[in-house]
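Peer 1: everything below, folded, please.
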Amino acid sequence: MVTGTATTMSKDPILKVEHLSMRFGGLMAINDFSFEATRGEITALIGPNGAGKTTVFNCITGFYKPTMGMITMRQKGGKEFLLERLPDFEITKRAKVARTFQNIRLFSGLTVLENLLVAQHNALMRASGYTILGLFGFPAYKKASLASIELAKYWLDKASLTDRADDPAGDLPYGAQRRLEIARAMCTQPELLCLDEPAAGLNPRESLALNTLLRDIRTDTGTSILLIEHDMSVVMEISDHVVVLEYGQKISDGNPQFVQNDPKVIAAYLGVEDDEVDEVIAEVEQVAATVGHGTGSTGERP
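Peer 2: This next block holds a predicted model:
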């Protein structure tokens, strides 16, 4: 018997994706996909290669306009945005959604500190009156400039990069570049942080540093995190909620324990054909029952 929670009942959803579909010509990349991400939690979107995970991210962050469906972002004050109706820059600016990508996109020629200041460009431009107030050194601009430096220093510390602040970002080790990219996204002060495979290419020590940073973001700022990840050790270690895609459709949705033991997920990751899924499910349930009888356990977690 597979135990766990089949679905996460969101008391305060920050993101609701409803009946999302995305077609590219004759290819249906996402088909009637729905899920919710709860405020203050880490939600992982997983699935085999080609399942449609990045396509979902691209719809949420405005790079694609979905063929059908509704994507609702609800801010802390209760204000709601229909993301499928906003251009990508408005999703970042107004809806407070930030994103990183599979491939690192730092300004490698700028210093680590400068990368974090660039992320605050919009706030600094407003404070400068779009250059004129900044040119004459008005107090409002000076105050905003100091605040931007303090915010950058805060995230340098969180990402364990303070000692590299004046180094070119391109000189950082790969794992440090990943953390810098996340810190830069956090300098936009998002309510929802979307991370596309943040652990890709990391060694175990770097993965541990990443896990620590993501937990700190959730705990210290209350920022909700939505991530795509192939590293199951990262997913199962830090996620509160896991959603599984296969061929553009949701096949599982629940807490990490439930998803990890869901026969449909196991079959998907083993590459089992559709007509063999029932056989895999039967085998998993038989093994679970045998283990339960052998240990005198009911199969339920204490």
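Peer 1: avg pLDDT for the helix or strand that contains Ile149?
Peer 2: When secondary structure is defined using DSSP states H and E, the element that contains Ile149 is helix 139-158. Taken as a whole, helix 139-158 carries a mean pLDDT of 86.
Peer 1: run through the bridge partners of the nearest residue to Lys16 once chain neighbours are set aside.
Peer 2: Using C-beta to C-beta, 6 or more residues apart in numbering and skipping residues adjacent in sequence, the residue nearest Lys16 is Thr72, 4.5 Å away. In short, each C-beta sits where N, CA and C put it, glycine included. Per DSSP bridges, the residues bridged to Thr72 are Lys16, Leu82.
Peer 1: Thr72 contacts Glu18, correct?
Peer 2: Yes - here Thr72 reaches Glu18: they are 7.4 Å apart, a contact under C-beta atoms under 8 Å.
Peer 1: neighbour-wise, which of the two wins?
Peer 2: For Thr72 and Glu18, the more surrounded residue by other C-beta atoms under 10 Å is Thr72, and the numbers stand at 17 against 14.
Peer 1: show me which positions of the helix holding Ile149 end up buried.
Peer 2: The neighbour-count criterion (16 or more other C-beta atoms under 10 Å) identifies 141, 144-145, 148, 151-152, 155-156, 158 as the buried residues of helix 139-158.
Peer 1: can you check stretch 156-169 too?
Peer 2: The neighbour-count criterion (16+ other C-beta under 10 Å) identifies 156, 158-159, 161, 164-165, 168-169 as the buried residues of stretch 156-169.
Peer 1: and the spatially closest residue to Thr162 that is not a sequence neighbour, what does it touch?
Peer 2: If the residues on either side of it in the chain are set aside, Thr162 comes closest to Leu156, at 4.7 Å by C-beta to C-beta, 6+ apart. For Leu156, the contacting residues are 112-113, 116, 162, 165, 183, taking C-beta atoms under 8 Å, 6 or more residues apart in numbering as the criterion.
Peer 1: from these, which is closest to Asn31?
Peer 2: Within those, the smallest distance to Asn31 is 35.7 Å, found for Ala183 (C-beta to C-beta).
Peer 1: tell me the spacing between that closest one and Leu110.
Peer 2: Noted for Ala183: a distance of 14 Å to Leu110, by C-beta to C-beta, to the nearest Å.
Peer 1: of these two, who's got more company?
Peer 2: When neighbours are counted by other C-beta under 10 Å, Ala183 comes out ahead of the other of Ala183 and Leu110, with 24 against 15.
Peer 1: show me what the helix or strand containing that one is packed against.
Peer 2: With secondary structure defined by DSSP H and E, Ala183 is part of helix 174-186. Packing partners of helix 174-186 (3 or more C-beta pairs under 8 Å, 6 or more residues apart in numbering; DSSP states H and E): strand 97-99, helix 112-118, helix 139-158, strand 192-196, helix 204-216.
Peer 1: can you put the ones you listed in a markdown table and add distance to Arg23?
Peer 2: Output for the helices and strands packed on helix 174-186, formatted as a markdown table (distance: least, C-beta to C-beta, whole Å):
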| stretch | distance to Arg23 |
| --- | --- |
| strand 97-99 | 23 |
| helix 112-118 | 36 |
| helix 139-158 | 39 |
| strand 192-196 | 21 |
| helix 204-216 | 33 |
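Peer 1: just to revisit the earlier point, which pLDDT value belongs to the residue nearest to Lys16?
Peer 2: Thr72 carries a pLDDT score of 98 in this model.
Peer 1: and it, what does it touch?
Peer 2: Neighbour list for Thr72: 15-16, 18, 80-83 [criterion: C-beta under 8 Å, 6+ apart].
Peer 1: return the members of these classed as buried.
Peer 2: The neighbour count (16+ other C-beta under 10 Å) marks 15-16, 81, 83 as buried among the contacts of Thr72.
Peer 1: looking at these, which two lie furthest apart in space?
Peer 2: Greatest spatial distance among the buried ones among the contacts of Thr72 (C-beta to C-beta): Lys16 and Phe81, at 11.2 Å.
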